[in-house]
Structures are given as structure tokens and as C-alpha cells.
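1. Predicted model and sequence follow; I will ask about them next.
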Amino acid sequence: MIKRVTFLTAFFNLVLGELMAQSAYAPTDRDYYHLIDRYAVIEGPIDDRFHSTFKPYRRDIISNWVNNLGMDTVARNRVDQFNLLFLKNDNWEFSAAPGENSARPWKGLYRKPAAFFHHRDSVFDLHINPVLYFSGGKVLAEGDYQLRNTRGISLRGSIDRKIGFYTSLMTTETFLPTWIDDYARHNGAVPGEGFWKPYRDSGYSYFSATGYLSFQVTKHIEAQMGQDRNFVGEGYRSMILSDFSSPYMFLKLNTRIWKFNLTNLWAQMNADVLYNRSRPTDGRYPKKWFSHHRLGVNLGKRLNLGVFESVMSSQMDWNYLNPIIFYRWVEHQLGTPDKVMLGADFKWNLYPSMQLYGQLALDEFVFKEFFEIDGKNSSRNKHGLQLGYKYINAFKLSNLDLQLEYNQARPYTYQEKFQYQSFSHYRTPLTHPLGANFKEAVAILRYQPLPRLRFNLTGVYQYYGSDPNESSNFGGDILKNRVAQSTGLFGNTIGQGLENKVYMASLNASYMLKHQLFVDLSHSYRRHSIESRIESQHYPQLSLRMNISRQDFNY
């Protein structure tokens with residue numbers, strides 16, 4: 001017995017001795033991550049350990065990257081200097097030269113610009129920040145005002161510099177713009193949140209909570225476990241895994257060796273219970289299990305290639321816990337009961353300030369039906385595709401960034417014939433908001449003329465097919481069973497069903513009053529034509545937000 005205790009003690013001492021300094025992750029925020037991406041496009045990664053495809057990023061990695069980048073390397077004007085200092089201050093606890101102190105701390109609060117309150121010693125590191133989002137707007141020529149009232153708190157830090165932690169708690173009451181309200185009521189879930197309760201006559205009330213622990217297993221293997229979202233890709237959308245759905249419980253292992261990065265993700269998700277498209281009722285919802293692994297390699301400092309596999313299973317299976325096995329083989333050994341997707345992605349930083357990126361998510365593929373004339377447009381050839389382009393300091397104008405992106409998914413992609421295996425979580429897609437059976441073009445122009453002022457102009461064109469009723473299935477609604485389709489095996493094309501065309505343009509101006517405190521003024525225009533009906537909407541909005549990402553409605 002004594003020998004056994006001694007062995008276990010030695011084992012845990014060995015493991016814990018290998019643990020490296022650990023941190024929380026920076027929450028996914030398109031504006032925040034764009035600052036990192038733009039300098040990565042210009043300069044490329046500082047070393048082979050920086051892989052940008054799987055988000056979110058660890059704060060210590062962001063800080064080390066900014067420190068190695070150097071303030072004088074890229075920062076040729078005061079806007080770039082401000083941006084790098086902003087990233088440095090936001091992750092100051094990991095900086096070799098800690099970020100600036102607040103000019104006027106108040107009674108021990110805001111001693112650092114990025115922390116309402118912090119405590120840091122050799123054992124315990126704690127950062128506490130309030131979370132606020134107040135906004136008001138109105139869809140012109142329609143009913144009531146659309147409001148949002150979010151209050152919350154976020155905490156992050158580490159214990160013994162070995163275990164990182166993060167949690168956020170928020171409560172929200174909101175009235176959504178009409179087209180988002182239609183989306184939420186059709187799916188029976190609020191995008192990004194899932195469960196909701198009625199608020200007044202037509203509003204939504206929901207409580208949001210995320211939290212996780214992270215630690216370094218060895219020098220090259222890191223782990224994260226908790227409730228949150230993940231995003232795969234370099235684009236505005238993701239055809240592999242996006243942050244559009246609500247948070248889910250997961251375990252993630254990330255292994256960085258030389259130029260390679262292997263990410264394993266195992267998650268428990270809510271199954272696709274329809275509840276007649278109404279608000280969820282009380283009771284335990286059925287679960288399903290998601291496994292994903294991606295292997296990426298940096299070829300030089302400008303090219304990254306990745307391959308991935310994902311599987312959605314109606315029940316937990318030990319076979320999918322193997323981090324380095326081929327999931328498709330496992331599925332065959334189990335009798336092909338589960339939904340497996342595989343594919344590839346790439347990122348190529350063109351010299352000196354351009355990037356090409358793309359994704360291919362393959363759901364099902366029959367070689368003969370794809371290449372033979374009589375077999376074209378088979379419902380068994382299903383895939384999601386993305387191709388994008390970024391131009392930093394476009395047309396040699398400082399801090400003007402252009403992004404163009406094309407996305408498409410064939411009918412019945414992400415659907416499944418077995419129960420609880422569609423590529424969804426809490427009745428919202430895990431990838432693109434439209435699900436499948438669509439084509440989309442996105443153009444984003446970002447401009448930062450002054451350090452604290454940012455403009456964002458986003459244009460979206462969508463062409464997709466929808467179902468005329470609940471009993472039909474033309475391949476767009478991923479919650480429906482793909483066997484119960486409304487078409488035959490062949491002749492399936494994108495846009496089949498009721499033809500929809502959406503044109504959207506959103507202009508947003510954000511001004512940073514203090515660190516992570518923003519005022520947003522925006523205006524959105526949306527034109528939706530379905531068959532012969534046309535609806536046009538204008539939506540101006542004013543927001544004040546603190547320590548939370550800007551909400552957009554571009555779908």
C-alpha cells in the first residue's frame with residue numbers, strides 16, 4: 001500500500017511539474033480577432049507554434065505574439081500603435097513589459113485599464129470585469145422599438161500559474177429585429193443562446209453562462225474543459241464549425257509539435273427536438289455527442305493547410321475518444337450508424353498584405369454520380385464550400401481592410417436520416433445560419449481613421465431555397481430528416497423549393513470611450529424577396545457596450 005501511494009505521489013508530482021503557465025482564452029469577437037489577423041497577414045506568425053485557424057486563442061499566446069511582433073515593426077502610424085497597445089493592455093498579465101497603469105485608479109479599482117478589479121500574486125491571479133450591453137433601435141415603419149438590456153460579470157485568472165479559469169454570467173431582456181424574431185420563432189431557439197422565456201408581449205429573456213478550466217498537460221499538449229463555443233476557420237462564416245449556436249460542454253486537447261497542430265474536440269450537445277417550433281418546455285432534453293479533430297501544418301510562415309473529421313452520434317461511444325484514429329473507419333466498424341463529415345481548409349498569406357483562405361466540408365460523396373452526366377446533382381453529393389480573400393491596408397490606404405467571401409452548401413448537407421444526428425445544437429446550425437441549400441457572397445470594408453474610431457460596412461447577398469410547409473423538405477432546414485425529401489435522387493440544385501433572395505447592407509461606427517467600452521451607431525438595410533413577395537426593412541440602432549462583442553444581424 002505504501003509503495004502504491006509513493007508511486008501515485010511521484011506520478012502526480014511528475015505531471016504537475018510539467019505544467020506550464022496557463023491562461024484563459026480571449027472570447028471570440030470579430031472586431032477583436034480582426035486586429036490580430038490583420039497583423040498576422042502583414043507580418044506572418046512569429047513562430048511555427050502560432051496557428052490561427054482554431055479559435056478562440058489563449059491570452060498568453062496573444063500577448064507573446066504581440067511582444068515578439070514589436071511595437072515598431074508594424075506600427076508605422078498612431079492607429080497601429082494604439083491597436084497593439086490595446087492588445088497588450090488587454091492581456092497585460094502575460095506581457096514581458098506589463099501594459100500601462102491607469103492614470104486615475106479609483107479606490108483600488110481600474111488600476112489597469114483592462115481590469116475593473118484584479119488581484120495578482122505568486123499563487124492566485126484574478127480579473128473581474130462588468131459586462132453591459134444597452135441598445136435601442138427600430139425597424140422603420142413597423143411596430144415597437146427593438147431593445148436590448150444585458151447585465152453581467154466575467155472572471156478570469158489562474159491558480160499557481162498552472163490552472164487557468166474563466167466564467168461569465170449574463171442576463172438579457174431583448175426585442176429582436178423582425179427578421180431575427182422570425183428566425184428564432186421558426187427554430188424555437190434564440191441564435192447563440194438556445195433556451196429563452198417570453199418577455200412582455202414579443203420579447204425574449206434568457207440567462208447566459210459560460211465557463212471552463214484550462215491547463216498545460218505537457219510542454220506541447222494543452223487542455224480545456226468547460227461550457228463555451230468554438231470557431232474553425234479564417235472567415236466571417238465557417239462551414240466546418242462556427243460560434244453561431246449556443247455554448248456546449250466540451251473537452252479540447254491541443255497538441256503543438258514543430259510545424260504541426262492537432263486539435264481534438266469532444267462535446268455533448270442538445271439533440272434536435274422540435275417541440276412544434278415553440279418555446280422549449282421543462283424536462284431533460286435528449287443529448288447527442290460530437291467529436292472533431294483537425295491536423296494543421298504551417299508550411300513556412302505564410303501557408304497553413306489543415307484536414308479534419310467530425311462525427312455526430314446519438315449516443316456516447318468510447319471508440320470516438322481515440323484522438324488519432326480515422327473516424328470513418330470507426331463508423332464502419334460500428335455499422336455506419338453515425339454522421340461523419342470530413343474535409344480540408346487552407347490559409348495563404350500573399351506577400352505583402354493579402355490572404356486567401358477556404359474550406360471544404362464533405363458530407364457525402366458518390367464518385368460515379370458526381371462525374372456522370374445522368375448522375376449530376378445527386379442528393380447524395382453534399383458539401384459545404386468557402387473561398388475568401390483579405391486585403392490589409394487596401395489600395396495602400398492605412399488601416400483600410402477589405403474582405404470578400406463566398407459560401408455555399410448543397411441541399412441536404414448537414415442533415416441526417418437517423419435521429420439526433422444532424423449538424424446542429426439546440427435547434428440551430430453548428431455552421432452557417434442558413435443551414436444548407438444556399439449561396440452567399442459577403443463583402444466587408446473596415447476602416448479605422450482614428451485610434452478610437454472604427455467603421456464597418458458589411459454587404460451580404462444570399463440566394464437560398466426554403467420549404468413551403470413543414471411537411472416538405474427541399475434540403476435547407478437541417479433539422480429535417482434527409483430521407484423524407486421532397487425531390488428525387490437526381491436533379492437537386494441550390495435554391496430548389498421556394499426561391500429566396502436577400503440583400504443586406506450594414507454600416508456601423510464604433511467609438512472606444514475607454515478600454516473595452518464602446519458606443520456603436522449602426523444602420524442596416526435588408527431586402528428579402530421570396531417568389532413574388534418583396535419586403536424591405538431599415539433598422540437604425542444605438543448601443544453602449546462594455547466587455548462584450550458587438551451583435552450583428554447579417555443573416
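-> Structure received. Worth saying up front: this structure is predicted, and the values here are computed from it rather than measured.

2. ok, the nearest residue to residue 302 once chain neighbours are set aside to residue 355 distance?
-> Nearest non-adjacent residue to residue 302, counting by C-beta to C-beta, 6 or more residues apart in numbering: residue 349, 4.1 Å away. Where C-beta positions appear, they are placed from N, C-alpha and C, glycine not excepted. According to C-beta to C-beta, to the nearest Å, residue 349 stands 5 Å off from residue 355.

3. Which neighbours do these two have in common?
-> Residues touching both residue 349 and residue 355 (C-beta atoms under 8 Å, 6 or more residues apart in numbering): residue 41.

4. Tell me the buried residues in stretch 240-258?
-> Residues of stretch 240-258 classed as buried by neighbour count (16 or more other C-beta atoms under 10 Å): 240-248, 250, 252-256.

5. Am I right that residue 61 falls within a strand?
-> No - using DSSP: H, G, I helix; E, B strand; the rest coil, the secondary structure at residue 61 is helix, not a strand.

6. The strand or helix carrying residue 461 pairs with which strands?
-> Using DSSP states H and E, residue 461 sits within strand 453-466. Strand 453-466 sits in its sheet next to strand 438-450 (antiparallel), strand 498-514 (antiparallel), going by DSSP bridges.

7. all helices for the stretch 1-150 of the chain, in order.
-> Along the stretch 1-150 of the chain, counting by DSSP state H, counting those that start in this stretch, helices occupy 2-18, 30-43, 59-69, 71-74, 78-90.

8. weakest of the ones you listed in terms of mean pLDDT?
-> Here the helices of the stretch 1-150 of the chain differ in mean pLDDT, and the lowest is helix 2-18 at a mean of 43.

9. Tell me which helix or strand residue 152 sits in.
-> Take DSSP H and E as the rule and residue 152 turns out to sit in strand 146-159.

10. sorry, back to before: which one among the buried residues of stretch 240-258 gets closest to residue 506?
-> Closest to residue 506 out of these is residue 244 (16.9 Å), distances taken as C-beta to C-beta.

11. so how far is residue 331 from that closest one?
-> Counting by C-beta to C-beta - residue 244 and residue 331 are separated by 26 Å.

12. Check residue 78 too.
-> Residue 78 is 55 Å from residue 331, by C-beta to C-beta.

13. go on, residue 355?
-> According to C-beta to C-beta, residue 355 and residue 331 sit 34 Å apart.

14. next one: phi and psi at residue 299?
-> Dihedral pair for residue 299: phi -100, psi 100, per degrees, to the nearest 10.

15. State the number of residues packed around it.
-> 12 (other C-beta atoms under 10 Å).

16. same check, this time on residue 551
-> 18.

17. Contact partners for it?
-> With C-beta under 8 Å, 6+ apart, residue 551 has these contacts: 133, 135, 148, 543.

18. And the pLDDT for the nearest residue in space to the first one that is not next to it in sequence?
-> Translated: residue 133. What sits nearest to residue 133 in space, not counting adjacent residues and going by C-beta to C-beta, 6+ apart, is residue 150, at 3.8 Å. In the prediction, the pLDDT value recorded for residue 150 is 98.

19. so where's the stretch 351-500 of the chain uncertain?
-> Under the criterion pLDDT under 70, the flagged ranges of the stretch 351-500 of the chain are 367, 369-375.

20. now the strands for it?
-> Per DSSP state E, counting those that start in this stretch, the stretch 351-500 of the chain carries strands over the ranges 354-364, 382-391, 400-409, 424-425, 428-429, 438-450, 453-466, 498-514.

21. Nearest to residue 271, out of the ones you listed?
-> Closest approach to residue 271 among the strands of the stretch 351-500 of the chain (C-beta to C-beta): strand 424-425, 8.7 Å.

22. Tell me the strands beside the closest one, with direction?
-> Strand 424-425 sits in its sheet next to strand 428-429 (antiparallel), going by DSSP bridges.

23. Residue 489 versus the residue nearest to residue 302, what's the distance?
-> With C-beta to C-beta as the criterion, residue 349 and residue 489 are 42 Å apart.

24. Neighbour count for these two, which is higher?
-> Neighbour count, other C-beta under 10 Å: between residue 349 and residue 489, residue 349 has more, with 23 against 13.

25. okay but residue 101 is in contact with residue 110, surely?
-> No - using C-beta atoms under 8 Å as the test, residue 101 is too far from residue 110 to be in contact (9.7 Å).

26. Show me which of the two is the more surrounded one.
-> Using other C-beta under 10 Å as the criterion, residue 101 and residue 110 rank with residue 110 on top: 20 against 12.

27. quick one, what contacts the closest residue to the more buried one other than its chain neighbours?
-> Distance criterion C-beta to C-beta, 6+ apart; nearest residue to residue 110, sequence neighbours excluded, is residue 102 at 5.0 Å. Contact analysis of residue 102 by C-beta under 8 Å, 6+ apart lists 110-113.

28. Now for those: which two are most distant?
-> Spatially, the most separated pair among the contacts of residue 102 is 111 and 113, at 9.1 Å (C-beta to C-beta).

29. and those two? which has more neighbours close in?
-> More crowded of residue 111 and residue 113, by other C-beta under 10 Å: residue 113, with 20 against 13.

30. Isn't that one up against residue 91?
-> No - the criterion here is C-beta under 8 Å, and residue 113 misses it with residue 91 at 11.9 Å.

31. who's more crowded, residue 78 and residue 331?
-> Comparing residue 78 with residue 331 by neighbour count (other C-beta under 10 Å), the higher total belongs to residue 331, at 20 against 10.

32. number of nearby residues for the closest residue to residue 552 other than its chain neighbours?
-> Computed as C-beta to C-beta, 6+ apart, the closest residue to residue 552 that is not its neighbour in sequence is residue 506, at 6.5 Å. Other residues lying near residue 506 total 20 when counted by other C-beta under 10 Å.

33. again, but for residue 132
-> Residue 132: 17 neighbours (other C-beta under 10 Å).

34. That one and residue 548: what is the separation?
-> The value you get for residue 132 to residue 548, if C-beta to C-beta is used, is 7 Å.
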